[in-house]
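Novice: need a 3D model of the following:
(2 chains)
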Amino acid sequence: MTYVEYKMLNPFQRFGYNFKKVLVSIPRAVGNFFKAIGRGFVKLFTGIGKGFKKYGTTFAKGDWATKLSYLIFGVGDLHKGKYYKGILFLLAEIFYVLYIALFGWQYISKFNTLGTTETGMQMVNGIPKQVFGDNSMLILLYSVLTIVITAVMFVIYIANIKDAYKHQVMRENGQKPTSLAYDVKQFLDGKYHVTLLSFPVLMIAIFNILPLIFMILIAFTNYDKQHMPPGTLFTWVGLDNFGSLFNLVEGAKKGKTFIELTGWTILWAILATFTNYILGMIVALMINKKGIKLKGLWRTLFVISIAVPQFVSLLLMNQMLQTNGAINVLLSEISRAFGGGAVEIQFLNSTTLMARTTVVIINCWVGIPYTILSMSGILMNIPEDLYESARIDGASPVKTFTAITLPYMLFVTTPQLITQFVGNINNFNVIYLLTGGGPTTQDYYQAGRTDILVTWLFKLSMDTQDYGLAAAIGILVFIVCATISLIVYNNSKSMKDEEAFS
Amino acid sequence: MKKILAILLAGMMTATVFAGCGGGGSSSGSEASGSGSEQSSGSSGGAAVKDANTVDPATFGDEDNITLKVWAPDKAVALVKEQIEAFKAAYPEKTFTKIEVVAQGEGDAGTQLMNDASTAADVFSFASDQLNKLVDAKVIAPVAFVDAVSEMNAPGTVEAGTLQNTLYAYPETNDNGYYLVYDKSVVSADKAGKLEDVLAACKDAGKKFIFDCGNGFYSCTYAFTAGVKIDGLEEDGVTQKFSQYDEAEAVKTLQAFSKLMHEYKGTFTSLDVAQIASGFSTGTLGAGVDGSWNTNADKDALGDNFGAAKLPTINVDGTDKQLVSLFGYKYIGVNAASKFPASAQILAYYLAGETCQQQRAEQLGWGPSNKNVQAMDVVTKSEVQQAIKAQSENACVQVNIAPTFWDPMGNLGNKLIAEDTNPDDAEYFTKLLKDTVANVRDEG
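Specialist: Sure, this is the predicted structure:
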């Protein structure tokens, strides 16, 4: 379709055309996404291949000290006069050997079975005393630690070889190794990024990545109420947990629960994100309209609900929506004024539709103020001259909105929309504090009709100790969130056309 | 200067990574268990005791400079602290570095213990339904003074604490259940016997009746009354076993409950039991089914009009059926991973002993499990204690309950009272009952 043809369409046809275009582009986007992953893997493996080659050639070219560095860290550096670095390398190796011998080996050696000796009980002077056997959880935890430390040691090992060879070449060229003072100075100058980032990276590795690996591994074990360390052992079960989530045989409740909750989770994320976005935008537009008096007052009134912590207002809402809560009391009073009887609407605990609608509406109440805040900022930022020229050209207010305001806002807020969407997929507070997952049902496994995947995950781990299953759900939620975010972001205007409004 | 500032900022940013990482530091186990000490003959005898509260100090063995942690429910913390001072005084020859009391509800003490036994309390009180979980996970140590404990306490409490022929916990109370509380100015004592009469009286007075249908702890009453009673666990140790029941009869009973709820819509309400005391004090409530631990609050709200009785009966096809409730005990357990196993056992023995039970009955209104305390005036002259005792004779014992029991039972109650449920639809109730039993048993 040419530009002229497009301009001749009416707004509905245009919407249809654009919508079709988006739908058509999805398979390609997904394809590109997986192609990119594939390319990444190819790059990784060729990189590894190159590394091995270099490893061999360096050994062939190295002198005796460099060759010895392949076995004992830092010998090359010590021989070439780079004393402090050589000592550091040597200390690293000593530390690693001691770590494995004294601590790491007892865990990593049991990594394939996660322990075989069960905990028992022994009587000493008539007092029962526990005799500890293997603890599967500790074995898993410290094995992960050992593996990570080994990976770090491997990097140090390679650095040691490279450094040894570098200094060998430098000596052959008649150069001297740099001094300690010079190297330290470098960390405040040329290598400043290393100084700045090493501490954060170390902390993220310890507090984010290590636990993450541990949690991911749990998804492949049968860690549940029947296999609780330290009393009993758990072990590897492969993909069993994922299998039970996708088991759609009639009567298999876990599979049914997972599929239906996933559907509701995505529906909920879409509804929650877009109701907040659209309604918040409308209110912000109204407040920002020229000629509206007391703008500050309106803005404050809407934003004042942020002053109450979200979880407090949600718990209060839960109380207000009970059968004897404030809202039903109010409705009863109104009904009595017109000669009716008491009203007792079960907002949260009767039908699926009623509970889900209530949750979405309450979420608007909690979420709209934030949208108003950010939207007001963006609206005030749109250059006034754009509107002026539109007015001079005789554009109607609607036209001005669709041609200037909306594209500008979408451009700026697409990344925010994605964050909100992903945030809503994991919106634990609103669901758990408001309905607790209710209305209950006999069709699901440990979940109610408004439960989303995260709240189900929480119930599985806290109430029934199905840790393995919960970890598997966590991984699947992550995959869904990551895929959606990457595809949408990479296809958004903000990414493709960064300069559009600057 | 700028660079230093940047480093500081980066450091601060990483500090946020720590958020949510509090706690941790689990100590690895495998201590050497006392070598060279003679082994006693299992659980048959148990160690020697001195009296109903204390044991021979030699039982401490070589433990000294003792550090212990105790979990007690919020309401009891102050009393337990006093009792611990008395405990220290009872063993002057020992040094107690620190005995800490931390508030922890009995309802999920077991779950907390299982989540991380190494940082949990050495001595903890818990509700009887968690016992099988704790025993399966091997985090609870068996009772050291079996003979003395078995002799002192009511047989029911000892029996419920015994699994695989081993007594695993010290009985603490004999009252963990619920009963009917009513406002005597609304429901007269002779009407409190029948559910229909109670509801009619409440409706006439324009007041409500509260029964928490959404909570499995209360709503299992419907299933039990219908004859669908629990009967321990299957051999795998996690699947709930049900006794034989007549399905047609059970469905009829459930329908009768549902019919009453719909007939008295606006009177029969399903709300949290916390609403009962406040309902009494605002005068909107006529009666309710409340737990024994709320007795004091209900008494304060009603004053002289406070009435207590066992649960009423319900009319099913012309016969009055007694409501069957869930009735449990509270126990004091010893963490199997305790660093001072002997001291922990001795402290648990003391806290579950006669003096402490009497103090709790007097100051907190808890029903004792100790036979001597049961015979004291504080129990025999209490209307509430008598109501609980009467209800305990019509109850399933709250032990050996699968973790999957509560949610399906709560759902059962919710469905009985739900507006879109038709009480005459027998087919629906048959399916509901079947699904509920299947869900509790985690089939599928």
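Novice: please work out the average pLDDT along stretch A:161-177.
Specialist: Averaging pLDDT along stretch A:161-177 yields 89.
Novice: then stretch B:407-424?
Specialist: Here the average pLDDT along stretch B:407-424 is 88.
Novice: same question, stretch A:463-472
Specialist: 88.
Novice: and it with chain B, contact?
Specialist: Yes - using C-beta under 8 Å from any C-beta of the partner chain, we find that stretch A:463-472 touches chain B at A:463-465. Using the backbone N, CA and C atoms, a C-beta is placed for each residue, glycine as well.
Novice: ditto for stretch A:307-316
Specialist: No - figure legend: stretch A:307-316 not in contact with chain B (C-beta under 8 Å from any C-beta); closest approach 12.5 Å.
Novice: show residues contacting that stretch.
Specialist: Residues from elsewhere that reach stretch A:307-316 (C-beta atoms under 8 Å, 6 or more residues apart in numbering or on different chains): A:305, A:362, A:365-366, A:429-430, A:433-434.
Novice: just the buried residues of the residues you listed.
Specialist: A:362, A:366, A:429-430, A:433-434 (16 or more other C-beta atoms under 10 Å in any protein chain shown).
Novice: now the element after the longest helix seen in chain A, going C-ward?
Specialist: With secondary structure taken from DSSP state H, chain A has its longest helix at helix A:11-61. Where DSSP states H and E defines the elements, the next helix or strand beyond helix A:11-61 is helix A:64-69.
Novice: what's stretch A:62-78 in contact with?
Specialist: With C-beta under 8 Å, 6+ apart, stretch A:62-78 has contacts from A:58-59, A:79-80, A:83, A:85-90, A:92-93, A:156-157, A:160-161, A:163-165, A:167-168, A:177.
Novice: and that stretch, what's its mean pLDDT?
Specialist: 89.
Novice: residue B:329 and residue B:369 touch, don't they?
Specialist: Yes - Residue B:329 is within contact range of residue B:369, at 6.4 Å (criterion: C-beta atoms under 8 Å).
Novice: who touches both of the two?
Specialist: B:157, B:171-174.
Novice: residue B:235: which element?
Specialist: Using DSSP H and E, residue B:235 falls outside every helix and strand.
Novice: same check, this time on the one 10 residues further on
Specialist: With elements delineated by DSSP H and E, residue B:245 resides in a region that no helix or strand encompasses.
Novice: what's the burial count for it?
Specialist: 15 (other C-beta atoms under 10 Å in any protein chain shown).
Novice: equivalent analysis for residue B:358, please.
Specialist: Residue B:358: 17 neighbours (other C-beta under 10 Å).
Novice: are any of the contacts of stretch A:62-78 buried, and which?
Specialist: Buried among those by 16+ other C-beta under 10 Å: A:58, A:79-80, A:85-86, A:89-90, A:92-93, A:156-157, A:160-161, A:163-165, A:167-168, A:177.
Novice: could you list which of those belong to helices?
Specialist: Reading helices off the buried ones among the contacts of stretch A:62-78 with DSSP H, I get A:58, A:79, A:85-86, A:89-90, A:92-93, A:156-157, A:160-161, A:163-165, A:167-168.
Novice: tell me the contacts of the closest residue to chain B within chain A?
Specialist: With C-beta to the nearest C-beta, the shortest gap between chain A and chain B falls at residue A:231, namely 2.7 Å. Counting by C-beta under 8 Å, 6+ apart, residue A:231 touches A:118-119, B:136-139, B:336.
Novice: considering these, which possesses the most neighbours?
Specialist: Within the contacts of residue A:231, most neighbours by other C-beta under 10 Å means residue B:336, with 27 neighbours.
Novice: check the stretch 51-200 of chain B for the residue nearest chain A and tell me.
Specialist: Residue of the stretch 51-200 of chain B nearest chain A, by C-beta to the nearest C-beta: residue B:138 (2.7 Å).
Novice: let me know the secondary structure of that residue.
Specialist: Counting by DSSP: H, G, I helix; E, B strand; the rest coil, the backbone at residue B:138 sits in coil.
Novice: likewise residue B:231?
Specialist: Going by three-state DSSP: residue B:231 is strand.
Novice: from chain A, how far off is it?
Specialist: 20 Å (C-beta to the nearest C-beta, to the nearest Å).
Novice: now that residue: closest residue in space, sequence neighbours ignored.
Specialist: Counting by C-beta to C-beta, 6 or more residues apart in numbering or on different chains, residue B:243 is the residue found nearest to residue B:231 once chain neighbours are left out, at 4.4 Å.
Novice: for that neighbour, what are phi and psi?
Specialist: phi -70, psi 170 (degrees, to the nearest 10).
Novice: tell me the buried residues in stretch B:292-302?
Specialist: Of all the residues in stretch B:292-302, those buried under the rule 16+ other C-beta under 10 Å are B:292-295, B:297-299, B:301-302.
Novice: any idea which helix or strand carries residue A:256?
Specialist: Counting by DSSP H and E, residue A:256 is part of helix A:253-288.
Novice: for that helix, packing partners?
Specialist: On a contact count with 3 or more C-beta pairs under 8 Å, 6 or more residues apart in numbering or on different chains; DSSP states H and E, helix A:253-288 meets helix A:240-245, helix A:295-303, helix A:352-381, helix A:406-425, helix A:453-462, helix A:467-490.
Novice: of the ones you listed, which approaches residue B:57 most closely?
Specialist: Set against residue B:57 and scored by C-beta to C-beta, those come closest in helix A:453-462, at 41.6 Å.
Novice: quick one on the thing from earlier: gap between the helix holding residue A:256 and the chain center?
Specialist: Distance of helix A:253-288 from the chain centroid (C-alpha atoms, centre = their mean, to the nearest Å) equals 18 Å.
Novice: what angle do it and helix A:352-381 make?
Specialist: 40 degrees (axes from the mean of the first three to the mean of the last three C-alpha atoms, to 10 degrees).
Novice: please point out which parts of helix A:253-288 sit buried.
Specialist: Buried, per 16+ other C-beta under 10 Å, within helix A:253-288: A:253-258, A:260-262, A:264-266, A:268-269, A:271-273, A:275-277, A:280-281, A:283-285, A:287-288.
Novice: per-residue pLDDT of residue 136, please?
Specialist: Using chain A here. 88.
Novice: look at chain B instead
Specialist: pLDDT, read off for residue B:136, is 80.
Novice: and it, how close does it get to residue A:274?
Specialist: 47 Å (C-beta to C-beta, to the nearest Å).
Novice: swap in residue B:77?
Specialist: Per C-beta to C-beta, residue B:77 is found 49 Å from residue A:274.
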